[in-house]
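Enquirer: below is the sequence, then the predicted model.
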Amino acid sequence: NAGVTQTPKFRVLKTGQSMTLLCAQDMNHEYMYWYRQDPGMGLRLIHYSVGEGTTAKGEVPDGYNVSRLKKQNFLLGLESAAPSQTSVYFCASRSGRERNTEAFFGQGTRLTVV
Amino acid sequence: AQSVTQLGSHVSVSEGALVLLRCNYSSSVPPYLFWYVQYPNQGLQLLLKYTTGATLVKGINGFEAEFKKSETSFHLTKPSAHMSDAAEYFCAVTLNTGNQFYFGTGTSLTVIP
């Protein structure tokens, strides 16, 4: 059981380049999330989705776009990367049946924008 | 919006000493609360979670947390620290709707031999 898988694990981008991070889960979860982790700031929610075809903004959505065309996949896009987007990105999923269900995390993507 | 505050971004304890990591939430309605642990270069792993009814919650690796509504707190404790407990610890909360999942800024635990 793979759980939550993120690709790629590492990436270096030049300023202005674009890229897409892929998150895939095999637990049939309704909810999926993208976070960024920066030193001293914890995990900040970028975007989330409560089901296939739906997305919503989190705390820090600017500069990012997302899509949830299939229930198992949640894509995070950077259209024009900036150095401020250098971070570690985590995807998570959780069941939407009850409020007290925990989130399951991927291993993270370390992105550097130069 | 609901939020969680973790007091102390860095905590150091001696091996065998009590571990206490603090988490306070801000909400007029008791939220659902979670503690996660992150080891270096890894994703987050659930330690424990609060569900209604049981104020003292036991988790993995000997950790436990007590939900105190009067203090709006959900502090994480472990009676005796091990070297393997050195990691980053995050408190998290869900909103009333249960859709969003917010994290505190984290506490880095160092265990001194």
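Expert: Perfect, thanks for sending it.
Enquirer: near residue B:47, how many other residues are there?
Expert: 24 (other Cβ atoms under 10 Å in any protein chain shown). Every residue, glycine included, has its C-beta placed from N, CA and C.
Enquirer: if I read this right, it contacts residue B:57, doesn't it?
Expert: No: applying Cβ atoms under 8 Å as the test, residue B:47 and residue B:57 come out as separate, 9.4 Å apart.
Enquirer: elements contacting the helix or strand encompassing residue A:43?
Expert: Assigned by DSSP states H and E, residue A:43 belongs to strand A:42-49. Other helices and strands packing on strand A:42-49, by 3 or more Cβ pairs under 8 Å, 6 or more residues apart in numbering or on different chains; DSSP states H and E, are strand A:31-38, strand A:56-57, strand A:65-67, strand A:73-78, strand B:101-103.
Enquirer: do you know which of the ones you listed lies nearest residue A:14?
Expert: strand A:73-78 (11.8 Å; Cβ to Cβ).
Enquirer: and the closest one, what does it pack against?
Expert: Against strand A:73-78 (3+ Cβ pairs under 8 Å, 6+ apart) you get strand A:19-25, strand A:31-38, strand A:42-49, strand A:65-67, strand A:87-94.
Enquirer: mean neighbour count and mean pLDDT added to these, as JSON lines?
Expert: Listed next are the helices and strands packed on strand A:73-78 as JSON lines, based on neighbours: other Cβ atoms under 10 Å in any protein chain shown; pLDDT from 0 to 100:
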{"stretch": "strand A:19-25", "mean neighbour count": "19", "mean pLDDT": "97"}
{"stretch": "strand A:31-38", "mean neighbour count": "24", "mean pLDDT": "96"}
{"stretch": "strand A:42-49", "mean neighbour count": "22", "mean pLDDT": "94"}
{"stretch": "strand A:65-67", "mean neighbour count": "17", "mean pLDDT": "97"}
{"stretch": "strand A:87-94", "mean neighbour count": "24", "mean pLDDT": "96"}
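Enquirer: Throw the helices and strands packed on strand A:42-49 into a markdown table and include distance to residue A:112, thanks.
Expert: Formatted as a markdown table, the helices and strands packed on strand A:42-49 follow (distance: least, Cβ to Cβ, whole Å):
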| stretch | distance to residue A:112 |
| --- | --- |
| strand A:31-38 | 13 |
| strand A:56-57 | 25 |
| strand A:65-67 | 20 |
| strand A:73-78 | 12 |
| strand B:101-103 | 23 |
